[in-house]
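Q: Quick one, what's the 3D model for this:
(4 chains)
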There are 2 protein chains.
Amino acid sequence: MKIGELSRATGTNIETIRYYERIGLLPEPARTAGNYRSYGEAHRTRLAFVRHSRELGFTIEEVRSLLDLADHPERECSEADRIATRHLTQVEEKIGQLVTLRDELSRIIGRCRGGLAADCRVIEALGDHTMCNGDHE
Amino acid sequence: MKIGELSRATGTNIETIRYYERIGLLPEPARTAGNYRSYGEAHRTRLAFVRHSRELGFTIEEVRSLLDLADHPERECSEADRIATRHLTQVEEKIGQLVTLRDELSRIIGRCRGGLAADCRVIEALGDHTMCNGDHE
DNA sequence: CTTGACCCTGTAGTTGCTACAGGGTGCATA
DNA sequence: TATGCACCCTGTAGCAACTACAGGGTCAAG
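A: Just a heads-up that it's a prediction; the model follows:
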């Protein structure tokens, strides 16, 4: 498989594949006589693992740890569980923050009744930080 | 006010203040004899506006537009409303994505009953993209 | 007169890619 | 044989929004 085919097979940008190789997430593949990268099924599987992990929001370093574990099936999986659980916590925190944000934005926008910027509630709200009750960290 | 005081007054990193000045979000302040930046109340207000906007997740370019509007109170505020509404939509989309993410993560983690990586559901789930119903873009 | 806190400029690093520039390869077609 | 085109290669620079130095200057206190 050439890089373009792997790209299409996994929905990954070609530059991204080369980037993953550069940072050591994907092993260097064999080369053809013309110096083209030549991938096998194992590469496709590994790249799919990386992409799925990234879609779930794991950082590159987390993906590296997860891959490392996948490469060593004789180890305990508590590390994987720990990484995933911590990530879940972070996602939940982020959701909470965004919900707070959404509420504040809705409130600000709801008060805008058009007209001149001089009287705009959006602009006013942004300038005046005390408008929110002050306890959002 | 020297930069350190402005930093404390607004909870903004000193480097960030200089960065904002460099990219033109904050005007260049007067300088003391010793070439120190010297800020006034207007700078503090403007920086607070920027920080609050950034906390709400507006991009630098959006903040630039909002500031521009705040600087011209004779204009209509429909632009501010448009920017804020678009941003609200984006925040809502992001919340939706994260909720989907959280659910998938919970499902994956919930199935992990410890043991060896060889049998780990987390690792397995990451490798096998078809485990999710397949319709998340 | 030296110590320490503060300030200055300029540049490089962060994350996770993405986008070139400037070339080489490989195959079909004229 | 030439040539066009799609594809591939390396290496470097760019994005957002900061953050972190290095290597120096300023200023007040002791």
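Q: Flag every residue of chain A that's near DNA strand D.
A: Contact residues, chain A versus DNA strand D (C-beta under 7 Å from any atom of the strand): A:2-5, A:7, A:14-15, A:18, A:35-37. Every residue, glycine included, has its C-beta placed from N, CA and C.
Q: Of these, grab the buried ones for PyMOL.
A: Provided next is the PyMOL selection string for whichever of these are buried by 16 or more other C-beta atoms under 10 Å in any protein chain shown:
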select buried, chain A and resi 3+7+37
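Q: Please narrow the residues of chain A next to DNA strand D to those residing in strands.
A: The strands, defined by DSSP state E, take in A:Arg37 from the residues of chain A next to DNA strand D.
Q: can you put the residues of chain A next to DNA strand D in a markdown table and add distance to chain B and pLDDT?
A: Output for these, formatted as a markdown table (distance: C-beta to the nearest C-beta, whole Å; pLDDT from 0 to 100):
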| residue | distance to chain B | pLDDT |
| --- | --- | --- |
| A:Lys2 | 22 | 96 |
| A:Ile3 | 20 | 97 |
| A:Gly4 | 20 | 97 |
| A:Glu5 | 18 | 96 |
| A:Ser7 | 16 | 96 |
| A:Ile14 | 20 | 97 |
| A:Glu15 | 21 | 96 |
| A:Arg18 | 22 | 97 |
| A:Asn35 | 30 | 96 |
| A:Tyr36 | 26 | 97 |
| A:Arg37 | 22 | 98 |
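Q: ok, the residues of chain A next to DNA strand D vs DNA strand C, which is closest?
A: Closest approach between the residues of chain A next to DNA strand D and DNA strand C, by C-beta to the nearest atom of the strand: A:Glu15, at 4.0 Å.
Q: measure that closest one to A:Arg22 for me?
A: From A:Glu15 across to A:Arg22, the span is 10 Å (C-beta to C-beta, to the nearest Å).
Q: what does A:Gly115 give?
A: Distance, A:Gly115 to A:Arg22, using C-beta to C-beta: 54 Å.
Q: count of residues packed around A:Phe40?
A: Phe isn't right for residue A:40; it's Gly. 11 (other C-beta atoms under 10 Å in any protein chain shown).
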